[in-house]
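Novice: have a look; sequence and predicted model below, questions after that.
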Amino acid sequence: MPAGSSPKRERQYEHIKESAEKRGASTGRAKEMAARTVNKERARSGEAKSASKTSTQDKKSASQRGGERSHSGAQGPTKDQLYEEAKKRNIDGRSSMNKQQLRKALGR
């Protein structure tokens, strides 16, 4: 946490970090997720000295969004991610499918 953070943001950071660790994230990853979330909230509320455009103009806060943008980059999930989902759903022939075929089989 940056020096001079409010007690509220310190509590928020600890809560997010502990929650992530309970879900199985490593300590380093949990700290990173907590810091990013708290920093974004600080930027949205005007507490930060500088902020990115997406931090200040987002319609939803990170907690409201709840990961809805996860794996939604330029090409969406990777082939490996699609394959793992197909494996969990026990889709036949998944090992010989390409990315597009995996998407179709998963209904994406």
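Specialist: Yep, that arrived.

Novice: could I get the full set of helices for this protein?
Specialist: Along the chain, counting by DSSP state H, helices occupy 7-22, 27-44, 53-57, 62-65, 79-88, 99-106.

Novice: so which of the ones you listed is the most packed in?
Specialist: Most buried of these by mean neighbour count (mean count of other C-beta atoms under 10 Å) is helix 27-44; its value is a mean of 17. From N, CA and C alone the C-beta is placed, and that goes for glycine too.

Novice: what packs against that one?
Specialist: The contact analysis (3 or more C-beta pairs under 8 Å, 6 or more residues apart in numbering; DSSP states H and E) places helix 27-44 against helix 7-22, helix 53-57, helix 62-65.

Novice: among the ones you listed, which comes closest to R108?
Specialist: helix 62-65 (20.0 Å; C-beta to C-beta).

Novice: still on that earlier bit, quick one: the helices of the chain as JSON lines, columns for mean pLDDT too.
Specialist: Below are those laid out as JSON lines (pLDDT from 0 to 100):
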{"stretch": "helix 7-22", "mean pLDDT": "93"}
{"stretch": "helix 27-44", "mean pLDDT": "89"}
{"stretch": "helix 53-57", "mean pLDDT": "68"}
{"stretch": "helix 62-65", "mean pLDDT": "69"}
{"stretch": "helix 79-88", "mean pLDDT": "92"}
{"stretch": "helix 99-106", "mean pLDDT": "93"}
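
Novice: turn the helices and strands packed on helix 27-44 into TSV, columns for distance to P77.
Specialist: Output for the helices and strands packed on helix 27-44, formatted as TSV (distance: least, C-beta to C-beta, whole Å):
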stretch	distance to P77
helix 7-22	21
helix 53-57	21
helix 62-65	18
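
Novice: among the ones you listed, which comes closest to E84?
Specialist: With C-beta to C-beta as the criterion, E84 lies closest to helix 7-22 of the helices and strands packed on helix 27-44, at 20.8 Å.
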